[in-house]
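Chemist: with the input below, show me the fold.
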Amino acid sequence: MEKSHYYKKFKYTQNKDRIIFTKYIDKNKLFNAIGDIRWNTFVFNGMVSFKKWNEDEDRSIFTDVAVTAKSPKIPTKIFGGSVYELLNIKYPSHDLYDYMDLTGDIDVQIATPQLITANGSSKDITDYEISHVDNTERINSLTMSYLIWLSNEFSIQIRNQNLFNTNNNLLQFSPNPDLLHVVDVYNNNTVYILVIRENNMIKVQLDIKFKGMEKCDHAVEFVLIEPSSEETFSENYNIFKYGTTNIHMKGHSFLIEDMPSLIHGNIDSMINRISLLQHKEAKYKFFNHIARLQYLNTIFVKFMLLHSPSIIHSERFINKMLQQIIELIQFIKTQDACNFLYLNESCNKQNTYKVIRSITSIFIKYVKKYVKNNKHSMYIKLYPSDKKPIQIKTLSFINEFIHLNRSTLKVYTLTRPKSAPSNTRSKKTLIRKPKSSNSRSNKPKSSNSRSNKK
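Modeler: Reported below is the predicted structural model:
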């Protein structure tokens, strides 16, 4: 198993089970197993209970229908922390784990199966509402067949990658007998694929337990979400149409969340998880989002190149990016900046300046690139509890934020000693080589220099 990043100390995670779990998870092989799933092998032919609009009763009612179905055209989207793991593999020169602690699981959203025919007709599929449950609120036969197929197929790919079967640190455990479906991958009670139902989600999980852990944990989680709207099946149905981009690597192509979607997800999660800062073993869930934003800010230019040029230059995308960046900055303004210091740093003006700058600096450059005058305005919620957005002047808002979070210390340029190693590029924020012996950096700063202004 590769341990290329495990030598780095955990910076803020104190949950013992999570630290043990991440030690034995090979993300590269897990992504290979996910990428190798043969989605075109799923087929269904049978009776299903779906909702259909009834004119006489003026409402949708469940009815049994004979359908044929296959896997969706775009079956998966990688989301959450797993996106950063893929980006880290794609861009090894910017190490994710310089910012974020290791995480254990890969999250994959899966799409609903694609109907081919209903009662023998391809035209009739649009009569039926997309749903994963029947009239008794149980999972319907199509969805259950789909999830059992996925469990068995993923089990095959886990074995093909030779994952976990030679690990002497695995512990035997027994899954909950009330689960919807269980696959014992190696038939030795150590690695399971489980089908679980939680609220409006149905999950297919790869569960494992290692020595020293109190509870088992999941390394991969496929999530199928029950549709909230009364949308009907269609030939071109695609729930991943917006807010995504592709990442190509090592013979696989994965659909991932795009830049504005990732920023939005981190803001929402920080709002929901800020109370976890009071809990020693759970606060890492908040700090993960600070670290992810720092990483996004660092790889911003490279990551944007993954997006289609026609999309990132569209007004829709630019406005979405501006909206998310302004909302991020507003969230930071409403919080105690000391909450963002996860490296046991002292809470002082300089340290909070450094962490805020590491989260926002490149994002702010993006805003200034597209907002040239103070006529540009946006609507945002000044506080998470606000019910109605308030109009703000974008450029004034940004400049005020920069002024409030400027550095309070003079910045000195140090000459690198001749004996210093050549790989000091990673410390370029601390050590800068002068352009020449007569460079400006060696001249005394005048009292009117910009760095001395308050």
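Chemist: in stretch 129-138, what's buried?
Modeler: For stretch 129-138, a neighbour-count test (16 or more other C-beta atoms under 10 Å) marks 129, 130, 131, 132, 133, 134 as buried. All C-beta atoms are positioned from the backbone trio N, CA, C, and that covers glycine.
Chemist: now stretch 54-61
Modeler: residue 60.
Chemist: what's the domain layout of the chain?
Modeler: 16-93+102-257, 276-404, 413-454 (automatic domain parsing).
Chemist: picking that back up, in CSV, list the buried residues of stretch 129-138 along with secondary structure.
Modeler: Below are the buried residues of stretch 129-138 laid out as CSV (DSSP: H, G, I helix; E, B strand; the rest coil):
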residue, secondary structure
129, strand
130, coil
131, coil
132, coil
133, strand
134, coil
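Chemist: nearest to residue 339 among these?
Modeler: residue 132 (38.7 Å; C-beta to C-beta).
Chemist: show the contacting residues for that closest one.
Modeler: 112, 139, 140, 143, 202, 224, 226 (C-beta atoms under 8 Å, 6 or more residues apart in numbering).
Chemist: at 7 Å what do you get?
Modeler: When contacts are counted by C-beta atoms under 7 Å, 6 or more residues apart in numbering, residue 132 touches 139, 140, 143, 202, 224, 226.
Chemist: pick out the lowest-pLDDT one from these.
Modeler: Lowest pLDDT among those: residue 226, with 90.
Chemist: hang on, isn't that residue packed against residue 200?
Modeler: Yes: Residue 226 is within contact range of residue 200, at 4.3 Å (criterion: C-beta atoms under 7 Å).
Chemist: I'd like the domains of the chain laid out as CSV, including distance to residue 268.
Modeler: Shown next, in CSV, are the domains of the chain (distance: least, C-beta to C-beta, whole Å):
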stretch, distance to residue 268
domain 16-93+102-257, 11
domain 276-404, 9
domain 413-454, 30
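Chemist: spatially central, which residue of the protein would that be?
Modeler: residue 80 (2.1 Å; C-alpha atoms, centre = their mean).
Chemist: residues contacting the residue lying closest to that residue once chain neighbours are set aside?
Modeler: Excluding its sequence neighbours, the residue lying closest to residue 80 (C-beta to C-beta, 6 or more residues apart in numbering) is residue 107, at 4.3 Å. Listed by C-beta under 7 Å, 6+ apart, the contact set of residue 107 reads 79, 80, 82, 221, 223.
Chemist: pretty sure residue 107 sits in a helix.
Modeler: No: counting by three-state DSSP, residue 107 is not part of a helix but strand.
Chemist: and the helix or strand encompassing residue 28, what does it pack against?
Modeler: Taking DSSP states H and E as the criterion, residue 28 maps to helix 27-35. For helix 27-35, the packing partners by 3 or more C-beta pairs under 7 Å, 6 or more residues apart in numbering; DSSP states H and E come out as helix 81-90, strand 106-110, helix 141-160, strand 217-225.
Chemist: what about residue 18, neighbour count?
Modeler: 21 (other C-beta atoms under 10 Å).
Chemist: err, residue 229, not the other one
Modeler: Residue 229 has 7 neighbouring residues, counting by other C-beta under 10 Å.
Chemist: ramachandran angles for it?
Modeler: phi -100, psi 170 (degrees, to the nearest 10).
Chemist: just say helix, strand or coil for residue 92.
Modeler: coil.
Chemist: can you check the pLDDT for it?
Modeler: Looking at residue 92, its pLDDT stands at 89.
Chemist: quick check: chain neighbours aside, which residue is closest to residue 264?
Modeler: Residue 264's closest residue in space is residue 324 (C-beta to C-beta, 6+ apart), at 5.1 Å.
Chemist: doesn't the one you found lie inside a strand?
Modeler: No: counting by three-state DSSP, residue 324 is not found in a strand; it is helix.
Chemist: measure it to residue 243 for me?
Modeler: Distance from residue 324 to residue 243, counting by C-beta to C-beta, to the nearest Å: 11 Å.
Chemist: ditto for residue 10
Modeler: Distance from residue 10 to residue 243, by C-beta to C-beta: 31 Å.
Chemist: more neighbours: which of those two?
Modeler: residue 243 (18 against 15).
Chemist: show me what contacts that one?
Modeler: 257, 258, 261.
Chemist: now with 10 Å, please.
Modeler: Contacts for residue 243 (C-beta atoms under 10 Å, 6 or more residues apart in numbering) come out as 77, 79, 256-262, 264-265, 317, 320.
Chemist: kindly report the same for residue 117.
Modeler: Applying C-beta under 10 Å, 6+ apart, the residues contacting residue 117 are 45, 65, 66, 67, 68, 69, 123, 124, 125.
Chemist: can you check residue 49 too?
Modeler: Neighbour list for residue 49: 62-65, 128, 131, 133-136, 138, 140-142 [criterion: C-beta under 10 Å, 6+ apart].
Chemist: so can I have CSV of the residues you listed showing distance to residue 360?
Modeler: Formatted as CSV, the contacts of residue 49 follow (distance: C-beta to C-beta, whole Å):
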residue, distance to residue 360
62, 50
63, 53
64, 55
65, 52
128, 47
131, 42
133, 43
134, 49
135, 51
136, 51
138, 48
140, 46
141, 50
142, 46
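Chemist: for the chain, what spans make up the strands?
Modeler: Counting by DSSP state E, the segments of the chain that form strands are 43-54, 59-70, 76-79, 106-110, 114-118, 181-184, 191-198, 201-208, 217-225, 244-249, 252-257, 377-380, 390-393.
Chemist: would you list those strands in a markdown table and tack on distance to residue 175?
Modeler: Below are the strands of the chain laid out as a markdown table (distance: least, C-beta to C-beta, whole Å):
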| stretch | distance to residue 175 |
| --- | --- |
| strand 43-54 | 26 |
| strand 59-70 | 28 |
| strand 76-79 | 24 |
| strand 106-110 | 19 |
| strand 114-118 | 30 |
| strand 181-184 | 6 |
| strand 191-198 | 5 |
| strand 201-208 | 7 |
| strand 217-225 | 11 |
| strand 244-249 | 32 |
| strand 252-257 | 28 |
| strand 377-380 | 45 |
| strand 390-393 | 50 |
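Chemist: those strands: which one's closest to residue 338?
Modeler: Per C-beta to C-beta, nearest to residue 338 of the strands of the chain: strand 377-380, 23.7 Å.
Chemist: which parts of the closest one are buried?
Modeler: Quick answer for strand 377-380 (16+ other C-beta under 10 Å): 378, 380.
Chemist: what helices or strands is that strand leaning on?
Modeler: helix 315-334, strand 390-393, helix 394-404 (3 or more C-beta pairs under 10 Å, 6 or more residues apart in numbering; DSSP states H and E).
Chemist: check those for me and report the most buried one.
Modeler: Of all the helices and strands packed on strand 377-380, helix 315-334 has the most neighbours on average by mean count of other C-beta atoms under 10 Å, namely a mean of 18.
Chemist: helix 394-404 and that one, what's the angle between them?
Modeler: 30 degrees (axes from the mean of the first three to the mean of the last three C-alpha atoms, to 10 degrees).
Chemist: by contact count, what packs against helix 315-334?
Modeler: Looks like helix 315-334 contacts helix 259-273, helix 284-298, helix 309-312, helix 349-370, strand 377-380, helix 394-404 (3+ C-beta pairs under 10 Å, 6+ apart).
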